[in-house]
Every structure is written in structure tokens, then in C-alpha cells.
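In: need a structure here:
(chains A and B)
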Amino acid sequence: MKPKKNKEMAVKASSRSISATEALVVHLICGLGLAVAFWVAHNLHSINLTTHPSHTLRLICVIECPIVILLYSRYRKDRERCSYLKAVGRGLLGLPAGALVNALGAIALGAPAGIQYLPKTINWSLVMSLFTIVPAASVFGSSWMDWQRIFACTKAMDPVDYMICIPAHGVIIGAWFGAFPMPLDWERPWQEWPICVSYGAIAGYLVAMVASFGFILVRQHVKGD
Amino acid sequence: MGKRIWVHWVIMALHVVAIVIFTRGFLLTRTELPFYSNCSDVLQSPCSFSVNENQNQNQNQNDTVDQNQQRCWSKPAIGRLVIIVFDALRFDFVAPSTFFQESKPWMDKLQFVQDLAAKNASSARIFKAIADPPTTSLQRLKGLTTGGLPTFIDVGNSFGAPAIVEDNLIHQLAKNGKRVVMMGDDTWMQLFPNHFEKSFPYPSFNVRDLDTVDNGCIEHLLPFLHQEDWDVLIAHFLGVDHAGHIFGVDSVQMIEKLEQYNSILQKVVEALESQSAPGGLHENTLLLVMGDHGQTINGDHGGGSAEEVETSIFALSFKNPPSPLPSEFDTSSCGLDLGRRNICFSSIQQLDFAVTVSALLGIPFPFGSIGRVNPQLYALGAGTWHFEDTAGNYQNKSKLEEWMLNYANVLCTNSWQVKRYIDIYSASSVIGFSNEDLLRIASMYAKAEEKWSHATQKLLLHKKESHNELLPALRRQIDLYSEFLASVAELARSKWTEFNLKMMGTGLGIMLISLLIHFLAIKKVKEQYGFSFTSSGDSGISFGLIFSCFMVVIRACSFLSNSFILEEGKVACFLLATTALVKMRYSIMKKKMILEAFVFLLLITICRFTIEVGLSKQAPSSEFMNAYPSWMLRIAAGFPIWNFVAEALPVVALILLAFLLREAITRSSSKGIWKYIIMGTNLSYMLIAVHWASESDRLNLAWVLKGTGRSYIPRLIYAIGFGQLLLLTFNQLFSKRKSSDHSNLLYIKTVAMFSAWSSTIIILLGKQGPWVALAFIIGGYCIMRLDNIELDVKDGGNWKRMLDPVPVTQWSLFAVCLFFCTGHWCAFDGLRYGAAFTGFEEFLLVPQAILLTMDTFGFSLILPIFGVPFLVARLGQSDKGKKFILLRLSLVYMIYGLIMATSVTATIICVTMHRRHLMVWGLFAPKFVFDVAGLILTDILVCLASHYYFSEVEDDALQDLYTKK
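Out: Numbers count the residues shown, from 1 in each chain, chains lettered A, B, ... in the order given. Next comes the predicted model:
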């Protein structure tokens, strides 16, 4: 996919290289957080995404937010100038900003913009932001070059890049496909905005985390050779 | 160059052939005849004489001369008729569950009906009524009342209003002085706007509402049964249909509805029975409880499956005793019900309903009816004749004779009426019946007729002498007539209700072949001139190509579902926004033209909201109206300044548009005809502004143009537009000057073409016109700029030969979006008929068809196709690329055509697959018609545009290029 030369350079330039096991742990914790959120929603509040989309999404956001920010802030770039706390702050700042981008994108694609959908849209876009923008915000901060590299060029160089880039793309592509059943006339409750889109996004996220781990493994393997 | 245009013509021819063949197989058409039956018509029939003869012969009958004169086509057998229609009444709702393989929860709920049928088998009877597809309420009501087979396109039907213009039962009732009362489903009011004496319509569109229509019916039905001021009462209940649509057949709501109906029927029958004594109000009343069609377990209907076409009619006569029915006409099947009682049901075609009821009521049969008077139903009503049921073989026999004679007589009139209809239909309709069929039918009729006029009549005249021969002779006569009528019905069914799969398959095959040819042509041109889809110039597959194919395929696949067709505008917008996002990502990657990408995305977002407004017109209870409640409208009404702004803004947009066009032309070339073109456009725009001002009541400008003067401005604008086009054509034909800059020339030509068309299209579209035109220009500009991202990056020679299919895909998606933005949708009520009357007060077919086409496809086909060079023209700003521009343009045209053809092929496949779908006539067929018309128009426009943009001069240049290679 990418020339080897780049990759070698990237390894040197990267702030802190992590092993495949560590990546796996990070992904597992993220996935687990999601599972915990669903478990709490289902067993403690006895709600689910279909019946109470807004509440469930908020719950996911609340539970997943500290996990993602705290985890990814550990892998921040230029560690000399940026403390852990600053990275956490960047992540927190990235959350609403990313939510705005996601919401605007969704509205451009046709998400309903009525007042009664506002809470749902806000909660959904916060969750989306958590999976797409927040990790990058924690890790890269305001480094436009890195943002461009990850999101426009899809050039991941080290494991951290993979861990940010692939899940983010997975979430967006998953959400995109998740929108497909919305216009169908099956009259199922889950066809409402943003339920099936959220399901699509979560499915995309899970698949992408596996893929990301796979990429990291393969990469390590190639490097080992 | 001529060679490539030739390819366009070939593809167009293939498309036309494919579509014509497919349409012949798929779109069943029938011509509606504007003729009506009259009482006096029957004198022309061979039967009228015999009727009078017969009357004179049968002196023992109590008919008075007075009654004789009142008679019309047949002797009235019943005085009053109560029709209770339960929408979507399945046959197994009515028939006992023992008649079916297994008992289901929804069976045996109309227990009262079964009791009646079991107790008095001769005066109450359950019929299995077989409907003909399409089994939608509107088509079925039409079929029931006209006695014909309504098809998708009943030619002659005025598209906008569904009112039945053909001769029909209700019309005949009204004409012959029968007072008809209607209550329930308001579809009847659409079909028969001013035929009813009294009507109590209730809205039928809200499927979730199970009770409004039914409660309204109940409220009015029972009081009416005690009143005298009506002859025919129709009550149409919708609850079962709605319960089926929402909850399905196997649901609590459905069972509740059926139980409710059971109790209603009980009350109705009690009310009727209490007054059915001789001399009572309902002495001669017949009660019909019927469904218009069936439904599947899921509550769908529209198709031709057994569940959908099998509905029920229950007939109850209050006159005792009814006449005996000869056993050979009694085709009923009997069985035991749950209570071990013997219960029988007969079969009837819905086709026969109109004519049977007409015969019973003694009114002329509807002109276009092709049904047969059903013997069983007729016999039930005929029970009201004065027969004394005394014992005795001879007496019985004479009664049977009399019944059969009467029935033969009715059938004679029936056959004569059907034959008359078939003759006139085949003479007046464009696509009539085949000659062999007509001959076969004519010979059958002649045979029956000959027998009637020679053999049977003689027997009748000498009735006393040839008593034993009469009965068999009548029987044979009836058989002959029945055979004739059955073969007519069969022929009509094959013509009007059965798809011709062979033709559909052939059409689809040719369409697929044309796609292949299209594809190969693109490949050949691409290889011949060394174009490639990748930036590196090799023949590999680029991301853009895969992405475009993906988008086109997704859009094509979306046509497989009715929901996606309903939301087609949103789907197109979604895909367009996706391409825009991908382009935006690309532009961020290249760090260029981010503004354009952003503007384009914003434009699509605006489009998206406009489409939702458009869709809200389509469905009254749409999301948009919920989301933006009426307070917005109230604000608008509160501030007069708002109204003023709303009227002034389009003019501002118009001025902006004129300025843009002027700028575009003068920047490139200010000489020659282009100046006149642009002057004409400016003049047109001014006229449009004046036209709007004169329509507005704010400025009192009405005095400027009084009366017919209003239509002069639009006509002047059409004339200017036409003149501009003529000028461009002449310039094309006679101007031989060599141009040094192809790119520039192409650009000017495109702008000139846009100017020439725009004024007409804008005035047709009304005040949204200039906005859409601006959006069109901005969108085109953004697509073109985004396509040029690589232009400045790579100075090498490769980009010139690189052709990215993404902009073409975007352009075609954008055109689809504009179609929906301008308030159109793929249905006949989506046509803006008002636009056709801009500049014309009265109806003129040809100009208004042209105007309607221009309004419908103006921004979705005409302008985008003539605007395609816009994507190409500015590409070759450097001199190097100029010779490739036309080659590139022709390739772009081919790709554009291929995208269109692919989606139309998908529509055709989908229509073939869903030909028995619930919504085939409501949704798929209109979509098919729109797409097919669009494709043919696209082909024509592509050919014209090719001739326009590729002149001979440039042909030479390309020839040079080709020889050099």
C-alpha cells in the first residue's frame, strides 16, 4: 500500500512505538467499554438503542468517553512539549468539535434536521466524534499535517496511526452503510434516525478494530522479517 | 467525428426498439370509449322484437302494458339495492372454515352471513368473486362499475382527475332516475364526482385510522334503511383493508373489525327484514355484501395472486320464494360448516357484476361492459317475479321455461351489447384486437344469433305446439351465448391483464445488448485515442472508476425496492453528497480548492432540504411538515415585508443570472452572434421580471396586460428562445471560420446554448427557476473545478489524456437531484400541469406537451446534457490539450449516456421482477414511464448536442490528429 521507505522513516519519527499486544489491549478495552455501556443500558436502565436511542447513545458516550480519551492520550505525539493532561484536554476539546463535523456531514447526507431530532442527532454525533475525531485529537493535537495524513491521505505509518485511522474510517463507512435501510417501508422501530446508523457505525467500529489489529500484526511480522 | 455521432444514433435506435418492445409487453393499454348505452338502443338489437313478441305470447303473466313501456333493456327484477362494500374482504373471511385446509383465527367471524346462507339457501348465497388484477381499490371500483378491465393506462382518462369518463353503472343509475346514496370511502367521490343524490364521503388516505370511515358509514347506514328517498345505497367500509395494511390479516385488530362487521350486518338485515313484508319498504330489495378485492396475509393487494383476487359477494333477497334455478346453471359447490349445516357457494367474476346488477335493476348495461349476466345472482334477484310455487310437474316446468326464456333474452341483449362494444372498440382504438380473434368471435356470435332468430324464435312463436322442444332449445341457446361471452372475456383478459413475458424479455435483452455496445464503444474510443482513467496513464483501473461504478450500481440497485423509488431524490442526494465528501477529502489531500468543495457540499445540503419540501407535497403527512410547523407560515403572513422580499428575491436572482451569463460571454468573445444571443436572453429575463410583476398583486400592474394580453409575454419569451436556437443552428451550419481556440469556442457555445434554453425553462418553473439555474451553474462550476484539482499539479502530458468518470457521475446525480428539487417526482401527479398553461389559456395538445416536457426535464436533462461541455471546456486552459477536448467531450457524452442507460435498465429489470407487486401500477409503472421517456430524450439530446458541438471544422482538426498518430 505504501512504499517501504516511508514506513521506515515513520518508525524512527514516531514518538512512541507500541507493540501488537498493547494495541490489542487498547482495542479490547474500547470494545469492552462499548459492551459495558450496552450492558448497563440493558440491565440497569432497561433501555436499548431502539427504544431509547437518545439515552442509550448518551450512556455510550459517557462510559466510552473517559476510556477513549484516557487510553489514547497515552500515545500522544511530541511527548516533550505535551503533558498527559494536555492531551486529555485536547481530547475533551475535540469531542464537541468532532461532533459538529459529524453532525454537519450527516445533515449534508440527509439526516433529518427537525427540532424533535435534535437530541438524538447531538448524542449520535458525540458518539461518532468519540470514535473518529477524539482519538486523533488526543494523539495529534493541532498538528494539521498529521490530521491530513490520517484522514485525507489514509497514510498510517505506525501502530498508533493504524489504531486511529482504521477504526475512524470503519465507523464512518459503517454508518454510511447503516443508513441504507432507513427509507425502507418495513415500519420497524430501528429504522428511525439515528438507530440503524448507530448500529452500522458500531459494527463498522468493531470490524475496523479487528482489521486494525490485523494490520498491526502483519506489519510487525513484516518488520520482524 | 461523424463516426462517433453515428454510435450515438445506433444506441438511440437500440434503446427505442428495446423500449417499444418492452412497453408493448408491459404497459397494458386500453382505450376508453366515450359512448353511453341508452334505453332506446335495444331496439337495434335482434332481441327487442322477441321481447315484445314474448310479452304478447305470455298473456298469463300479470304484466300490464304500462309496465311494458317502462321496461328498458330488461325487466326490472328488484326495486332497491343495498351494496355494502368491505374493502379487501378475503373469501375466507366469509366462507366457512371447513372449506379450507386448516382453520385460521380470522375465519368464521362473519358467522351471521354463514347462518343466513345455511338457513335459506335459495334466497341467500355466498359467492366467491374473482377480481382481475390490478387489485387496487380504485381500479377495482372502476372495474366493478364499468364491467370492464381497467389497465394501467386507460387512454382517454384525463391524467389528473381519476373521474370515470367511461359508461358505468353509477352513470346509468343516475341517468335512469335511480337515486344513489353513497357513504364511506371517498374514492367513490373521486370516481363519480356528481352522480350521487346524497353522499357522505370520509377520507381514505390515512391507513392507520381504522375507524373513521367505518363509524361514518354506520352512523348513516342504519337511518337510511328506514327512508324511502333512495333506490341504490352504497356503503364502503375501509377498516379491514386498513387493519390488513397495518397489522396484517392474522391480528387482533382484524378479528375485532370482522366481529364489528358481523354485528353491523346483523342490524342491517334486521332492519331490512322488518320492512320486507309485501307492500313494505324493502319488499323488492336485494342486499349485496361484497369485497372489492382480497388481500395477502400481510395485508398487501394489487397483484394477481389467488389471495388477492379472491373476494366474496354475499347476496340476500328478501322476497320469498325465489325462482328455481335449473341445475345445469347451478355451479355451486357445497359442504358442511362447523355446525354441520349444508352451505353452498357459487362463483362469479367481478367482470359480471356491473351487467348483472344492471339487468336486475332494469337499466341499460354499461357500454364498455364485457361481462355476462351471472345466472345465480340473477336468479336470486329474479325471485321477486310473481311465481306461485304450486306443486305440479307441469307448473314447475313452465316456470323453468319462463325463467330460461327470460334469461336467454337477457343474455341475447347482453351478447349484442358486448359484440357492439368489441366492434366499436376495435374500429376506434389504435391497438385493437387481432383480426383472427375478431373473426372467431364474430363467427361465434353469428352462430348464436342465427340460432336465436331462426330456430328459437320460431319455437317461441309456436310455443303451444312444440312444447317439449322448447326447453332443450333454450338451453342450447343459453350455452351458445355463454360460450361467446366467455371467449370475449378470455380475449379481453389476455389483452388487458396479462403481461407478454416474451416481449418483455426481448425488450430487456435488447436493452442489455445496447449497454454492452455502449460499453464497448467507450472502450474502443478510449483505447484508440489513448485515454485512461488513471492519472499515471496506464490502462489500469483507478479509484475514481471503481467509485463511479459503485455509485451507479448502488443507485441502480436502489430501484429494486419501492421505498427507495419513493425516496429517489433523497437517495440521489445521499450519493451525490458522498461523492462530494470524497472529493472534499481529495481536495484536502491536495490542499487545493477546499472552498469549492465546501460550497458544493453546502449546495447539496440546500438541495436536500429543497427535495424534502418537494416530497412533502407528494405526501401530505411528511416529515418536513412535522419538522417545520405552521408557526413559520404564520411569521411569513405576519410581516408584509416578507412577502415583498419573497417576490423581489427571484428578480434579484434573475439579474444575477443575467449578469453572470453576460460576463461569461464577454470575457471570452464579444463579437458575432454570441452578442445577439446574450442580448436576447437579457431581453427574455426582463420580460420574465415584467411577467412576474404583472402577476403580483403588490404592484398594481395588472392594467399593463389585460385579459389575453397576459399570455403574450410568455409566448414572446418562447419565441425569443426559439429564435436563439435557430440562430445557433444557422451559425453551426453556415459558419466555416476556423477557430484557433477550441476550448474557448466550446465554452462560448455551451454558454450560448444555456442562455437560449434558460429563459424558457425559468418562466415555466416559475419563481424557483432563477434559483435553480444559479444552483445549476454553481454546481457545474464546483464539479468542474474539483475535477481540475490535478490540472495544475501535474504539468506533464498525462492529465490531458486522463478522464475521471467521477465528475460525470456527479453531474448526472446532480441532474437527478435538480429534478426533485424543482418539485417533480416520478408520478403523473408529479407533473406540473400548471406550467403547461403558461402563456396558453386553452388546451392545445402539441405546444403544451412540449412545454410540459421542458418543465419536467428542463433542469434534469436538457440543460445538463447541453451543459456537459462545461465539464470539459475549461479543462484545457493550456494550449496543449485543445485537440483532445472534443475527443474527451465525446467520451464524456458516452459515459453520461451509459450512466443513464444503466439506471433505466435497472428500472426495467425491477419492473419485470415486480410486475405482480402491490405497487406496480402506483409506483413502478410511472417510474418506468418517466425513466423511459427520460432515456429517449437523453439519447435525442446527446445526438443533437454532438452535432452541435462537433462541427466540420473541428472534424478536420481531429482528422489531422488521427492521421498523425
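In: Identify the residues contacting residue A:59.
Out: Applying Cβ atoms under 8 Å, 6 or more residues apart in numbering or on different chains, one finds that residue A:59 lies in contact with A:37, A:40-41, A:45. Yep, even glycine has a C-beta here, placed from its N, CA and C like the rest.
In: I'd like the distance between it and residue A:131.
Out: 15 Å (Cβ to Cβ, to the nearest Å).
In: next one: residue B:453
Out: 88 Å.
In: Neighbour count for the two, which is higher?
Out: Neighbour totals were compared for residue B:453 and residue A:131, and residue A:131 leads with 28 against 15 (other Cβ atoms under 10 Å in any protein chain shown).
In: Pull up the residues of chain A that are close to chain B.
Out: Contacts of chain A with chain B, taken as Cβ under 8 Å from any Cβ of the partner chain, map to A:105, A:107-110, A:112-117, A:148, A:151-153, A:176, A:179, A:183-185.
In: 6 Å - rerun?
Out: Proximity of chain A to chain B, by Cβ under 6 Å from any Cβ of the partner chain, involves residues A:108-110, A:114, A:152-153, A:183-185.
In: out of the residues you listed, who's nearest residue B:855?
Out: Minimum distance to residue B:855 across these is 25.8 Å, recorded for residue A:110 (Cβ to Cβ).
In: May I have the phi/psi pair for the closest one?
Out: phi 120, psi 10 (degrees, to the nearest 10).
In: Contact partners for it?
Out: Residue A:110 is in contact with B:570, B:573-574, B:608, counting by Cβ atoms under 6 Å, 6 or more residues apart in numbering or on different chains.
In: quick one: pLDDT of it?
Out: As predicted, residue A:110 sits at a pLDDT of 88.
In: Same question for the one 3 residues further on.
Out: The model reports residue A:113 with a pLDDT of 84.
In: how many neighbours does it have?
Out: Residue A:113, neighbours per other Cβ under 10 Å, totals 19.
In: likewise residue A:98?
Out: Neighbours around residue A:98, by other Cβ under 10 Å: 24.
In: wait, doesn't it sit right on residue A:129?
Out: Yes: at 3.2 Å, residue A:98 and residue A:129 qualify as touching, with contact defined as Cβ atoms under 6 Å.
In: For residue B:532, what are phi and psi?
Out: Dihedral pair for residue B:532: phi -140, psi 160, per degrees, to the nearest 10.
In: what bridges to it?
Out: residue B:802 (DSSP bridges).
In: how close does it sit to chain A?
Out: Separation of residue B:532 from chain A (Cβ to the nearest Cβ, to the nearest Å): 22 Å.
In: who's in contact with residue B:771?
Out: Going by Cβ under 6 Å, 6+ apart, residue B:771 touches residue B:653.
In: mind checking which helix or strand it is in?
Out: Using DSSP states H and E, residue B:771 falls within helix B:769-787.
In: what separates that helix from the chain centre, distance-wise?
Out: Computed by Cα atoms, centre = their mean, to the nearest Å, the chain-centroid distance of helix B:769-787 equals 34 Å.
In: what does stretch B:766-777 give?
Out: Relative to its chain's centre, stretch B:766-777 lies at 29 Å (Cα atoms, centre = their mean).
In: Now that stretch - C-alpha only, PDB.
Out: Output of stretch B:766-777 as PDB, limited to C-alpha atoms (Å, rounded to 0.1, in the frame of the first residue of the first chain):
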ATOM      1  CA  GLY B 766     -41.800  29.900 -12.000                       C
ATOM      2  CA  LYS B 767     -40.100  31.800  -9.200                       C
ATOM      3  CA  GLN B 768     -37.900  28.900  -8.200                       C
ATOM      4  CA  GLY B 769     -36.400  29.000 -11.800                       C
ATOM      5  CA  PRO B 770     -33.600  31.500 -11.300                       C
ATOM      6  CA  TRP B 771     -32.500  29.900  -8.100                       C
ATOM      7  CA  VAL B 772     -32.300  26.500  -9.600                       C
ATOM      8  CA  ALA B 773     -30.400  28.000 -12.600                       C
ATOM      9  CA  LEU B 774     -28.000  29.600 -10.200                       C
ATOM     10  CA  ALA B 775     -27.600  26.400  -8.300                       C
ATOM     11  CA  PHE B 776     -27.000  24.600 -11.600                       C
ATOM     12  CA  ILE B 777     -24.300  27.000 -12.600                       C
END
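In: how about residue 121, what does it touch?
Out: I'll assume chain A. residue A:103.
In: hm, I was asking about chain B
Out: Neighbouring residues of residue B:121 by Cβ under 6 Å, 6+ apart: residue B:344.
In: For chain A, see how far away it is.
Out: Counting by Cβ to the nearest Cβ, the gap from residue B:121 to chain A is 44 Å.
In: Helix or strand with the lowest mean pLDDT in chain A?
Out: helix A:4-13 (a mean of 43; mean pLDDT, DSSP states H and E).
In: Could you report the pLDDT at residue 21?
Out: Unless you meant another one, I'm taking chain A. Per-residue pLDDT puts residue A:21 at 87.
In: Not quite, go with chain B.
Out: On the pLDDT scale, residue B:21 is placed at 92.
In: that's a strand at it, yeah?
Out: No: Residue B:21 is assigned helix when assessed by DSSP: H, G, I helix; E, B strand; the rest coil, not a strand.
In: Which residue comes closest to it once chain neighbours are left out?
Out: Excluding the flanking residues, the one nearest residue B:21 by Cβ to Cβ, 6 or more residues apart in numbering or on different chains is residue B:507, at 3.9 Å.
In: So that neighbour sits against residue B:20, correct?
Out: No: at 7.7 Å, residue B:507 does not count as touching residue B:20 under the criterion of Cβ under 6 Å.
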